[in-house]
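Chemist: Have a look; sequence and predicted model below, questions after that.
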Amino acid sequence: MLKSAQSLASEDKLDEALCRLESAASLTPDSFEITYNMGILYRKRQQYMAALQAFEKALATNPSEPADLYYTKAITHHELADTLNKWSHELAEATQTEAPAQRQDSLDDFRTDMAKNLTDMALPEAWGKLDANALKGEAVKQYQAAIKAYQDFLSSASELDKARDDAHQQVLTLEETVKTLSQTDLTQDNPS
């Protein structure tokens, strides 16, 4: 089932691929490969919360090489934060130029989009102002976990020099991303 789901996903038939993986997961719920691939498909569908839950479940299977999974999870957090930031800016722009009825439609659309991506997320302010800095903080933690995993690999691996150089480059890239993300204020309504 995994191979057929991957084949469907490569043909951009994400819904069918996800159905196959969900069926496979019901038979083997502790499969790292199935859970990880479900997370990838959710991420492609921009269902970031479902993707993050799948990645958490995949991590719980204690994969032998967790660094890539931590990196993918950090990227997913980053994409979620970017999406939330984009939505808040679009909503702010739309409400400044729209008539009251259109403004309400924009708010309703925003809430619908938020519900899709925040399913099962316990944020009391989910319908109000989002606590984007909390999401940013979680993304920073995930990047730091990925950095640690790469650093552990660098210190203990007896792999080929190329693999060590690639991992070192990933650490530098992740550190730069953490620095940039840490300096980004996601709560501003309109950047000047």
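Modeler: Yes, it's here.
Chemist: contacts, neighbours, all on C-alpha from now
Modeler: Noted.
Chemist: Let me see the ranges of the helices in this structure.
Modeler: 2-10, 14-27, 32-44, 48-60, 67-97, 100-117, 132-156, 161-182 (DSSP state H).
Chemist: among the ones you listed, which gets the worst mean confidence?
Modeler: Within the helices of the chain, confidence is poorest for helix 100-117, with a mean of 62 (mean pLDDT).
Chemist: which parts of stretch 63-82 are buried?
Modeler: 66-67, 69-81 (16 or more other CA atoms under 10 Å).
Chemist: Farthest-apart pair in these, please.
Modeler: By the measure CA to CA, 66 and 81 form the most distant pair in the buried residues of stretch 63-82, at 22.5 Å.
Chemist: What residue spans form the domains of this protein?
Modeler: Under automatic domain parsing, the residue ranges defining each domain of the chain are 1-61, 65-90+124-192.
Chemist: Highest mean neighbour count out of those?
Modeler: domain 1-61 (a mean of 18; mean count of other CA atoms under 10 Å).
Chemist: how long is that domain end to end?
Modeler: 19 Å (CA to CA, to the nearest Å).
Chemist: Same check on stretch 55-74?
Modeler: Stretch 55-74 has an end-to-end distance of 10 Å (criterion: CA to CA).
Chemist: same check, this time on stretch 55-68
Modeler: One end of stretch 55-68 to the other measures 11 Å (CA to CA).
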